[in-house]
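**Q** Next one to model:
(chains A and B)
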Protein chains: 2
Amino acid sequence: MSIDAQRPHFGRVALVGTGLIGSSLARVLRRDKMADSIIACARTDATRAKVLELGLADEVTADPAEAADGADLLVLCTPLGAYADIMTAAGPQLAPGAIVSDVGSAKMCVIRDVTPFLKPGVHFVPAHPVAGTEHSGPEAGFAELFQGRWCILTPPPGTDPTALEAVTAMWRKAGSKVEVMEARHHDLVLAVTSHLPHLIAYNIVGTAADLEAVTESEVIKYSAGGFRDFTRIAASDPVMWRDIFLANREAVLEMLGRFNEDLSRLQRAIRWGDGETLRELFTRTRRIRREVLDAGQDKKS
Amino acid sequence: MSIDAQRPHFGRVALVGTGLIGSSLARVLRRDKMADSIIACARTDATRAKVLELGLADEVTADPAEAADGADLLVLCTPLGAYADIMTAAGPQLAPGAIVSDVGSAKMCVIRDVTPFLKPGVHFVPAHPVAGTEHSGPEAGFAELFQGRWCILTPPPGTDPTALEAVTAMWRKAGSKVEVMEARHHDLVLAVTSHLPHLIAYNIVGTAADLEAVTESEVIKYSAGGFRDFTRIAASDPVMWRDIFLANREAVLEMLGRFNEDLSRLQRAIRWGDGETLRELFTRTRRIRREVLDAGQDKKS
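**A** As a prediction, the model looks like this:
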């Protein structure tokens, strides 16, 4: 492993999980020749065959222990709920100096689930590339997914600076802007910018599908009025998102509580015909859209 | 006025309101030579000047009565809350045989507010083109806005078939698929496919802006995780949307009640770690996304 920030390089990289994010990372590692070899770990025969067919790894396995054996860098790219089991198997195989990282959307739980399995001398750099699409699986990935996006690292206190530097260099090479943040704060920030929006989108799509007065085909037919944007978000991977909500429960419930309070206020304004409360909020939110555009976080369409 | 469905044609068309929808309709009327002349009514000097500069109308006025005088077709394209005042002025000027239509996103209220001002022989065909962007004003319009989108007509019982045919032909020429629906049903359908999604988006963006633990700049910085899609919807015109919520109050509150019930169930599932309830919903909503794509209601991205 070498941590020239311009040319980060690893010997053997083990990717456990080869969905949208894992397979995109594999493509980046290939494109930029950042690994001597890649071993991919996936549960199903079909996924492993697909990974080989797409040329995303040199070897495949169903066994996290085999993946970890001899790895310089092990990256967990599965739903969060699988981490503890994977580390139970993989942890003992990792040699001192190896780095464990991940791509999970919540970080307190990752530190909780991974740390107990780290042998002395094995480094741990939790990471969260804030990027994605609503598509899943190894075919859905692409090397440009991380380009221009943030990648948040949440190294626990005392993390080895060299390991941190190596993971930072890898994500910079992937095109990401890297930020270091405390895990607890990460989980709050993401609860509001990502987890709550997904929960709300899943919920509204479910509500719409359950109506009797309006048929599902009508909902779909007239979805261009706003609903269709929610369906895109609500098409994200079910298991991955189940695990995110369970893993980041505390922060999500906190944000949901605030959302509900605010929604009750709007509900009351509508019921009582208080147009000024509505107009004032709708004017304020418009400004935030401008700031999102100014920050380059969405296409100006 | 001639109602050749292939070549719908009006003499004098009055467009009251020249925002995104009104100005797009003006562009369509121009492009397809559907009107001998267009008079645009707008409240501010700046808007009237812009309309003339863009060549969207032959004449401009600030007075709805002047716009209505001699019009074969008068289309209300303002926020819903302005309809009654406009019709108070415009109604007496309309000659028998003239058609009144509109583009409002709620229809029961339109029938309530417009009907009292219709002289005998003046026809009324409420319309709702289900199309839009988050941008406002005459510069934001474009002739292709309605292409491939639904336009819902909600003619009251007894509507003159020729008037209905003329408005239908105009929207077909604009590229829309035209559907006739009962006004009450329209308001329910749109409450779920458009009004509730907007309310939720406005609300979540407001919630995010009001946090103390997470700064607004962090929210914007990490908005790619889902939040940014809500900011786009929450950038829609504040006054237009205030009026929609007040006008379609009953249906919106009904849908919001169901949304809240469903959200409480998800909240409980998260609190108690009931992953199966989450996974089951998230799998179901994914299917609806596929149906939206299959119905051609969104780009396959």
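**Q** isn't A:Asp274 right up against A:Arg268?
**A** Yes - A:Asp274 sits in contact with A:Arg268 when judged by C-beta atoms under 8 Å, with a separation of 7.4 Å. Where you see a C-beta, it was placed from the backbone N, CA and C, and this is true even at glycine.
**Q** Between those two, which has more neighbouring residues?
**A** A:Asp274 (16 against 11; other C-beta atoms under 10 Å in any protein chain shown).
**Q** low pLDDT regions in chain A?
**A** A:1-2, A:299-301 (pLDDT under 70).
**Q** ok, and the closest non-adjacent residue to the residue nearest in space to the middle of it?
**A** Centre of chain A computed as the mean C-alpha position; nearest residue by C-alpha atoms, centre = their mean is A:Ser105, 4.1 Å away. Leaving aside its chain neighbours, A:Ser105 sits nearest to A:Ile244 (5.0 Å; criterion: C-beta to C-beta, 6 or more residues apart in numbering or on different chains).
**Q** Go ahead and list the helix or strand containing that neighbour.
**A** helix A:238-247 (DSSP states H and E).
**Q** Tell me where chain A has strands.
**A** With strands called from DSSP state E, chain A shows them at A:10-16, A:35-41, A:59-61, A:73-76, A:99-102, A:123-125, A:127-129, A:150-153, A:177-180.
**Q** Go through these and name the closest to chain B.
**A** Across the strands of chain A, chain B has its closest neighbour in strand A:150-153 (6.0 Å, C-beta to the nearest C-beta).
**Q** Direction included, what does that closest one pair against?
**A** strand A:127-129 (antiparallel), strand A:177-180 (parallel) (DSSP bridges).
**Q** thinking again about what came up before, can I assume the residue nearest to A:Ser105 is in contact with A:Lys107?
**A** No - between A:Ile244 and A:Lys107 there is no contact under C-beta under 8 Å: 11.1 Å.
**Q** Please identify the deepest-packed of the strands paired with strand A:150-153.
**A** Most buried of the strands paired with strand A:150-153, by mean neighbour count (mean count of other C-beta atoms under 10 Å in any protein chain shown): strand A:127-129, with a mean of 24.
**Q** got a list of contacts for that one?
**A** Applying C-beta atoms under 8 Å, 6 or more residues apart in numbering or on different chains, the set of residues contacting strand A:127-129 from outside is A:21, A:25, A:101-105, A:107, A:145-146, A:149-154, A:167, A:171, A:174, A:176, A:186, A:190.
**Q** Contact partners for A:Met240?
**A** A:Gly19, A:Pro79, A:Leu80, A:Ser105, A:Ser136.
**Q** Stretch A:7-26 and chain B in contact?
**A** No - judged by C-beta under 8 Å from any C-beta of the partner chain, stretch A:7-26 stays clear of chain B, getting no closer than 12.5 Å.
**Q** Dump that stretch to PDB, keeping only the CA atoms.
**A** C-alpha atoms of stretch A:7-26 as PDB (Å, rounded to 0.1, in the frame of the first residue of the first chain):
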ATOM      1  CA  ARG A   7      -1.500   8.000  -6.800                       C
ATOM      2  CA  PRO A   8      -3.100   6.100  -3.900                       C
ATOM      3  CA  HIS A   9      -2.400   2.400  -4.300                       C
ATOM      4  CA  PHE A  10      -3.400  -0.800  -2.400                       C
ATOM      5  CA  GLY A  11      -2.200  -4.300  -2.800                       C
ATOM      6  CA  ARG A  12      -5.300  -6.600  -2.400                       C
ATOM      7  CA  VAL A  13      -8.600  -4.800  -1.900                       C
ATOM      8  CA  ALA A  14     -11.600  -6.800  -0.700                       C
ATOM      9  CA  LEU A  15     -15.100  -5.400  -1.500                       C
ATOM     10  CA  VAL A  16     -17.800  -7.000   0.500                       C
ATOM     11  CA  GLY A  17     -21.000  -6.200  -1.300                       C
ATOM     12  CA  THR A  18     -21.200  -5.300  -4.900                       C
ATOM     13  CA  GLY A  19     -24.300  -3.300  -5.300                       C
ATOM     14  CA  LEU A  20     -24.600   0.200  -6.700                       C
ATOM     15  CA  ILE A  21     -21.900   1.700  -4.500                       C
ATOM     16  CA  GLY A  22     -19.600  -1.300  -4.200                       C
ATOM     17  CA  SER A  23     -19.500  -1.900  -7.900                       C
ATOM     18  CA  SER A  24     -19.000   1.800  -8.600                       C
ATOM     19  CA  LEU A  25     -16.000   1.800  -6.300                       C
ATOM     20  CA  ALA A  26     -14.700  -1.300  -8.000                       C
END
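**Q** Tell me which residues of it come out buried.
**A** For stretch A:7-26, burial by neighbour count (16 or more other C-beta atoms under 10 Å in any protein chain shown) applies to A:8-10, A:12-26.
**Q** close enough to count as contact, A:Gln147 and A:Arg172?
**A** No - using C-beta under 8 Å, A:Gln147 is not in contact with A:Arg172; the gap is 11.2 Å.
**Q** who's more crowded, those two?
**A** A:Arg172 (16 against 12).
**Q** burial count for the spatially closest residue to A:Gly22 that is not a sequence neighbour?
**A** Distances taken as C-beta to C-beta, 6+ apart place A:Cys77 nearest to A:Gly22, at 3.1 Å, with adjacent residues excluded. Per other C-beta under 10 Å, the neighbour tally for A:Cys77 reads 24.
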